[in-house]
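Asker: give me coordinates for this.
(one chain, ligands or ions: 2)
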Amino acid sequence: MHMGASFIFSAAHEGLFSTRVCVEVDISNGLPRFTIVGLPDTAISEARERVRAAMKNSGFTFPRTRVTVNLAPASIKKQGPMYDLAIALSILRANGQLTNTDPLDNVFVIGELALNGALRPVRGALLAATLAKELGITGIILPAENADEAAQVGGLKVHPATSLHELVFNINQDTLPTHKKSPRNKIPTTYDRDFHEVRGQEQAKRALTIAAAGGHNIFMSGPPGSGKTMLARALPSILPPMSAQESLEVTKIHSIAGTLKAREGLVSARPFRSPHHTSSYVAIIGGGIYPRPGEITLAHHGVLFLDEFSEFGRKAIENLRQPLEDGEVNISRASGSATYPTQFMLVAASNPCPCGFANDPTHTCECRPAQLQRYKERCSGPIMDRFDLFIEVPRVKTNDLAQTPTGTSSVEMREQVCAARLLQLERNKCKGVLYNQQLRTKHLRDICKLDKEGAEFLKKATDALHLSARAFTRVLKVSRTIADLADEKNINVAHLSEAIQYRASL
Ligand SMILES: Nc1ncnc2c1ncn2[C@@H]1O[C@H](COP(=O)(O)OP(=O)(O)OP(=O)(O)O)[C@@H](O)[C@H]1O
Ligand SMILES: [Mg+2]
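Answerer: Ligands and ions are numbered 1, 2, ... in the order given. Have a look, this model is predicted:
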């Protein structure tokens, strides 16, 4: 039996950062033993069984001597089954079953093996490919399902593989296929839900247009069946397209989370996440043994919709505050820590009280005062302070529902949103800010310029309504977006008074 040593490069991920890993194999005399060292977790111990079975079932012999695999550097936390393929190739290379070793000298290898030798997709292929390119590596060998994702990194040869047997054959014959970068996915132009289908509710549509244009957080309150969920679900149809940079960031997140659809290249539509209110804290904020991104990160550059807001766990809601403010979340676990971006627009919907009919002119509210009090407590305090717009969504009259829809459609709303976003991008880019929502206090003086009457009006309103410092900032930012929608350079009284209307009435 052939003895020897060999190594192959692979990658490890921590949050959205990747590091090079060297998969070293040594085959030496001794009793048959297969060990993997280098801080592997149970998944990697299981890799032993998969690699052995996959090699046998692909027609290769597994060495009947001592096999030692080292995943270096040992200090990096490794996870998941992505090293199977690199381990198998390294063993085959060390014991001479893989004869043509040149193609493996300057490539990354990632992939999970099934017991029959087929390759399964892995998480984080886009990150591994990005790192390979940065390090001057020429190519990456990976499961075919991950090829489109990795091919987004230009200037790197992407070699897709479907099985261990076929891959080794191709390497030995020097016939490794190369995957071509597929054209960027088209930005969707048709949507499941269009605002045109929503009867009436013009005020809510206007507020959602403002929210989408400036990336503002919005809270909708109203009786059951008034169309809150319907309105929120139509939101993707008016969101502006993502820039190439935003697409890449979102794709990386979904690549790590394993939520990328098979053979999807770049994610082109803005994320719209709507976790159920029974979702766990970890599912929403992120975490797990190896810190995984939660819904707040999966919604990065998009929308996080929390329907039935008052039903969500208190801990999850309270913990939204810091990521909303900082645009990122840091998750620390014994196995390592990770920082994930969380720049999303928060959309919440809720009934005004447990029975749902407070403020409804047609029904009397049957809640007891204690119930109302408890309900208000859940939806109050610091988290409510993070919403820029509050709207009441009243019930639509039956008459209006019967008529054919005539209201504003998504196309009209999207045009307004996109135009306002362009204005913001142009004006705010020197501050490193994408949307008005992200403006900091220090930017307000330069960017939220008021005309003379506007300044006086705001001063009076601040005194009369006892606006807090945060509420004051919020009114300014929302007014800025309203002025952008009207294509006005300065904020005037009309913009301010509309923004003030959207304050909380809770
Ligand atoms: N303005 C509207 N235009 C057209 N259909 C509507 C409208 N409002 C409600 N509907 C109809 O009523 C259904 C229920 O609306 P929706 O689920 O959005 O209400 P909701 O406000 O979220 O209620 P709940 O508070 O119970 O969650 C919708 O699927 C839709 O068919
Ligand atoms: Mg609803």
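Asker: would you agree Ile140 is in contact with Gln152?
Answerer: No: contact criterion CB atoms under 8 Å: Ile140 and Gln152 do not qualify, at 11.8 Å. Glycine gets a C-beta too; all of them are placed from N, C-alpha and C.
Asker: more neighbours: which of these two?
Answerer: Ile140 (29 against 23; other CB atoms under 10 Å).
Asker: per-residue pLDDT of the more buried one, please?
Answerer: On the pLDDT scale, Ile140 is placed at 96.
Asker: could you find the closest non-adjacent residue to it?
Answerer: Closest residue to Ile140 apart from its sequence neighbours, by CB to CB, 6 or more residues apart in numbering: Phe108 at 4.5 Å.
Asker: if that neighbour is in a bridge, with which residues?
Answerer: Per DSSP bridges, the residues bridged to Phe108 are Phe9, Ile140.
Asker: cool, the one 10 residues further on as well?
Answerer: In this structure, Ala118 bridges to Ser163 when assessed by DSSP bridges.
Asker: for it, grab the count of nearby residues.
Answerer: 18.
Asker: surely it and Thr162 touch.
Answerer: Yes: Ala118 lies in contact with Thr162 (CB under 8 Å); the separation is 6.7 Å.
Asker: that older thread, what touches both of Ile140 and Gln152?
Answerer: Ala129 (CB atoms under 8 Å, 6 or more residues apart in numbering).
Asker: over to Gly155: give its phi and psi.
Answerer: Main-chain torsions, Gly155, degrees, to the nearest 10: phi 80, psi 20.
Asker: pull the helix or strand with minimum mean pLDDT from the chain.
Answerer: helix 398-402 (a mean of 69; mean pLDDT, DSSP states H and E).
Asker: what helices or strands is the following helix or strand past that helix leaning on?
Answerer: For helix 398-402, the following helix or strand on the C-terminal side (DSSP states H and E) is helix 410-428. Helices and strands touching helix 410-428, by 3 or more CB pairs under 8 Å, 6 or more residues apart in numbering; DSSP states H and E, are helix 202-214, helix 441-447, helix 469-485.
Asker: mind checking the pLDDT average for the longest one?
Answerer: Helix 469-485 carries an average pLDDT of 90.
Asker: for that helix, output the C-alpha coordinates as CSV.
Answerer: Provided in CSV are the C-alpha atoms of helix 469-485 (Å, rounded to 0.1, in the frame of the first residue of the first chain):
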residue,chain,number,x,y,z
ALA,A,469,-35.4,64.8,21.3
ARG,A,470,-35.9,61.5,19.6
ALA,A,471,-39.4,62.4,18.3
PHE,A,472,-38.0,65.6,17.0
THR,A,473,-35.3,63.8,15.0
ARG,A,474,-37.9,61.4,13.7
VAL,A,475,-40.2,64.1,12.5
LEU,A,476,-37.2,65.7,10.7
LYS,A,477,-36.2,62.5,9.0
VAL,A,478,-39.7,61.6,7.9
SER,A,479,-40.2,65.2,6.6
ARG,A,480,-37.0,64.8,4.6
THR,A,481,-38.4,61.7,2.9
ILE,A,482,-41.7,63.5,2.3
ALA,A,483,-39.9,66.4,0.7
ASP,A,484,-37.8,63.9,-1.4
LEU,A,485,-41.1,62.3,-2.6
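Asker: by contact count, what packs against the helix or strand that that helix is followed by?
Answerer: Where DSSP H and E defines the elements, the next helix or strand beyond helix 469-485 is helix 493-501. The contact analysis (3+ CB pairs under 8 Å, 6+ apart) places helix 493-501 against helix 452-465, helix 469-485.
Asker: out of the ones you listed, deepest packed?
Answerer: Most buried of the helices and strands packed on helix 493-501, by mean neighbour count (mean count of other CB atoms under 10 Å): helix 469-485, with a mean of 22.
Asker: contact partners of it?
Answerer: By CB under 8 Å, 6+ apart, helix 469-485 touches 209-210, 213-214, 216, 385, 388-389, 416, 419-420, 423-424, 436-437, 439, 441, 444, 447-448, 458, 461-462, 467, 489-492, 495-496, 498-500, 502-503.
Asker: mind giving me the PyMOL command for buried ones among those residues?
Answerer: Typed into PyMOL, the line below selects the buried ones among the contacts of helix 469-485, using 16 or more other CB atoms under 10 Å:
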select buried, resi 209+210+213+214+216+388+389+416+420+423+424+436+437+439+447+448+458+461+462+467+491+492+495+496+498+499+500+502+503
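Asker: nearest the middle, which residue of the protein would you pick?
Answerer: Leu298 (2.3 Å; CA atoms, centre = their mean).
Asker: what about the residue of the stretch 101-250 of the chain found nearest ligand 1, neighbour count?
Answerer: Here the residue of the stretch 101-250 of the chain nearest ligand 1 is Gly227; by CB to the nearest ligand atom that distance is 2.8 Å. Other residues within reach of Gly227, judged by other CB under 10 Å, total 23.
Asker: got phi/psi on the residue in the stretch 251-400 of the chain that ligand 1 sits nearest to?
Answerer: Relative to ligand 1, the nearest point of the stretch 251-400 of the chain is Val396 (4.2 Å; CB to the nearest ligand atom). Val396 has phi and psi values of phi -90, psi 140 when expressed as degrees, to the nearest 10.
Asker: count of neighbours near Asp375?
Answerer: Quick fix: residue 375 reads Tyr, not Asp. Tyr375 has 19 neighbours, counted by other CB under 10 Å.
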